[in-house]
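Visitor: Need coordinates for the below:
(4 chains)
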There are 2 protein chains.
Amino acid sequence: MSSGADARTAHRPSAPARPGLRERKKAKTRAAIQRHALRLFKKRGYDETTVEDIAEAAEVSPSTFFRYFPTKEDVVMYDVFDPVLLASLRSQPHGLDPVRAMRAAMRQVFRDMDEEDREDLLEREALFRLVPDLRARMMDELLRTVSVLARIIAERTGRRAGDLGVRVVAGAIIGALISAWLTEEGESLGVDIYRGMDRALEKLESGLSL
Amino acid sequence: MSSGADARTAHRPSAPARPGLRERKKAKTRAAIQRHALRLFKKRGYDETTVEDIAEAAEVSPSTFFRYFPTKEDVVMYDVFDPVLLASLRSQPHGLDPVRAMRAAMRQVFRDMDEEDREDLLEREALFRLVPDLRARMMDELLRTVSVLARIIAERTGRRAGDLGVRVVAGAIIGALISAWLTEEGESLGVDIYRGMDRALEKLESGLSL
DNA sequence: CCATATATTGACAGAGACTCCTATTTAGGA
DNA sequence: TCCTAAATAGGAGTCTCTGTCAATATATGG
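Guide: Numbers count the residues shown, from 1 in each chain, chains lettered A, B, ... in the order given. Here you go, the predicted structure:
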């Protein structure tokens, strides 16, 4: 009960709004579950990995797993990328038209991403491509993304978010990005995933003429 | 074993390539399952209707249900609309650019559809909008549609289906259609679903300027 | 009309995702 | 130290979906 460690932690000079032990433990548990899940999915496949396997690897009970993630899918779905991208889009100069602004935002986000996040992204991208349930779920999330994108474009151009023109632009952008993701033979894009999306938006910029 | 009915059926003068009793029975069973399923989904909700409920209503065993439809989702998914639309697209004059050709194809298909099919379409559309699993599954099907669409556009314009420009056009078309389907408040579009999609493609025709 | 090959069917047994409930443990505060 | 609220483990149970099995129905050849 009385050790050097005690003194050290006691003297910590007001860590700015430290979340408290309970919160820290929760964050650690969540991260552990997610990490072990992705590791097992990669190693043995998604369908071949049960929630029980993940729970055991992360040293929690199955019920605890479901406390942190509503479904098995959600372990993969959780995405830090989307909100960052959309925030970046919001911060682009309003002079740019929507497609160009999106291109700039993507360029910025990909550039600023550290190596670990990049790997995570590719890892999850491979799962999305491979596992039908996850792919379907991702597509459904993209539906929400179209709505958010429309709202941002509306802000930037001073129109209503419900405006059909605004919605069509948002839909076309997402559609173009999907089409870049969609390779012929299911082979993974690797790091060039960004390059393909950039070129797709470039095509969109210069109109849809063939 | 010997009745008037026997004589009648025996004398039927060579129905052209009549599928045989077995086939006809299968088609009837399939239709019955699907009809009762949609009826129950509408009445009690998708999740609240079990496969067993459907099987009992259609007077088959649960195992028979799964023989006809791989999953519960597939009862709703089966779509006669897509192939018809794509066939129509293929038959449009090659002078039209892809977006205009798609518009023409949709106009033709919606015009030629009979009332019953139209109702079925709206019925299923409502389910897609409402039930997350089905919506996600539909979006995943749309992914395949983008590929097929790209292939058709490639044929019409004499390019490779893998060409990024072709894929982007296909993606943008589907994206625009999705954005029209995506209403603000989850309210159903009703019969105007066609009108919204037509206007969305019209916007796409005139470029993406806002 | 009969015999054999093939298909369809229903019953049953599980696996696995997920829910609900309860007893126990733990963190944070009085 | 004690109390309360939250987190957890564990168990029972539901539902979808996958198999296997034997019984039945159908198509076809003799």
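Visitor: and residue A:67, what pLDDT?
Guide: On pLDDT, residue A:67 comes in at 97.
Visitor: any low-confidence regions in chain A?
Guide: Residues of chain A that meet the criterion pLDDT under 70 lie in A:1-19, A:184-191.
Visitor: hey, which helix is longest across it?
Guide: helix A:132-157 (DSSP state H).
Visitor: ok, then the element right after that helix?
Guide: Downstream of helix A:132-157, the next assigned helix or strand under DSSP states H and E is helix A:164-181.
Visitor: neighbouring contacts of stretch A:75-95?
Guide: A:33-34, A:37-38, A:41, A:46, A:54, A:69, A:101-102, A:104-106, A:108-109, A:117, A:121, A:124, A:127-128, A:134, A:137-138, A:141, A:145, A:148-149, A:152, A:155-156 (CB atoms under 8 Å, 6 or more residues apart in numbering or on different chains). Heads up, the C-betas are built off the backbone N, CA and C, glycines and all.
Visitor: So it, near DNA strand C or not?
Guide: No. Residues of stretch A:75-95 are not located near DNA strand C by CB under 7 Å from any atom of the strand, the shortest gap being 8.7 Å.
Visitor: quick one: terminal-to-terminal distance for that stretch?
Guide: Distance between the two ends of stretch A:75-95: 39 Å, counting by CA to CA, to the nearest Å.
Visitor: try stretch A:51-62
Guide: With CA to CA as the measure, stretch A:51-62 spans 7 Å from end to end.
Visitor: Going by neighbour count, list what's buried in that stretch.
Guide: A:51, A:54-55, A:57-58, A:60 (16 or more other CB atoms under 10 Å in any protein chain shown).
Visitor: and the residues you listed near DNA strand D, which?
Guide: residue A:60.
Visitor: Nearest to DNA strand D, out of the buried residues of stretch A:51-62: which one, please.
Guide: residue A:60 (4.0 Å; CB to the nearest atom of the strand).
Visitor: quick one on the thing from earlier: tell me which other helices or strands the longest helix of chain A touches.
Guide: Contact here means 3 or more CB pairs under 8 Å, 6 or more residues apart in numbering or on different chains; DSSP states H and E; on that basis helix A:132-157 packs against helix A:72-77, helix A:81-90, helix A:98-112, helix A:115-130, helix A:164-181, helix B:132-157, helix B:164-181.
Visitor: Just the buried residues of the contacts of stretch A:75-95.
Guide: Among the contacts of stretch A:75-95, those classed as buried by 16+ other CB under 10 Å are A:33-34, A:37-38, A:41, A:46, A:54, A:69, A:101-102, A:104-106, A:108-109, A:121, A:124, A:127-128, A:134, A:137-138, A:145, A:149, A:152, A:156.
Visitor: Report the closest residue of chain A relative to chain B.
Guide: Per CB to the nearest CB, residue A:175 is where chain A lies closest to chain B, at 2.2 Å.
Visitor: Could you measure from the nearest residue to that residue once chain neighbours are set aside over to DNA strand C?
Guide: Leaving out its chain neighbours, the residue that sits closest to residue A:175 by CB to CB, 6 or more residues apart in numbering or on different chains is residue B:175, at 2.2 Å. Going from residue B:175 to DNA strand C by CB to the nearest atom of the strand, to the nearest Å gives 28 Å.
Visitor: tell me, how many neighbours does residue A:88 end up with?
Guide: 18 (other CB atoms under 10 Å in any protein chain shown).
Visitor: Would you tell me what helix or strand the spatially most central residue of chain A is located in?
Guide: With distances taken as CA atoms, centre = their mean, the residue of chain A nearest its centroid is residue A:79 (2.7 Å). Remark: residue A:79 resides in no helix or strand, with elements defined by DSSP H and E.
Visitor: ditto for residue A:22
Guide: helix A:21-44.
Visitor: Just list what the following helix or strand past that helix packs against, helices and strands only.
Guide: The helix or strand immediately downstream of helix A:21-44 is helix A:51-57, counting by DSSP H and E. When contacts are defined as 3+ CB pairs under 8 Å, 6+ apart, helix A:51-57 packs onto helix A:21-44, helix A:62-68, helix A:72-77.
Visitor: show me what contacts the residue nearest to residue A:175?
Guide: For residue B:175, the contacting residues are A:146, A:170-176, A:178, by CB under 8 Å, 6+ apart.
Visitor: rerun that using 6 Å as the cut-off
Guide: A:171-172, A:174-175 (CB atoms under 6 Å, 6 or more residues apart in numbering or on different chains).
Visitor: before we move on, what about residue A:47?
Guide: Residue A:47 neighbours (CB under 6 Å, 6+ apart): none.
Visitor: What separation do you get for it and DNA strand C?
Guide: 7 Å.
Visitor: backbone phi and psi for that residue, please?
Guide: phi -70, psi -30 (degrees, to the nearest 10).
Visitor: and it, how far is that from residue A:120?
Guide: Distance from residue A:47 to residue A:120, counting by CB to CB, to the nearest Å: 21 Å.
Visitor: Same check on residue A:96?
Guide: 29 Å.
Visitor: Compute the number of surrounding residues for residue A:63.
Guide: For residue A:63, the count of nearby residues is 8 (other CB under 10 Å).
Visitor: orientation of the longest helix of chain A relative to helix B:132-157 in degrees?
Guide: 80 degrees (axes from the mean of the first three to the mean of the last three CA atoms, to 10 degrees).
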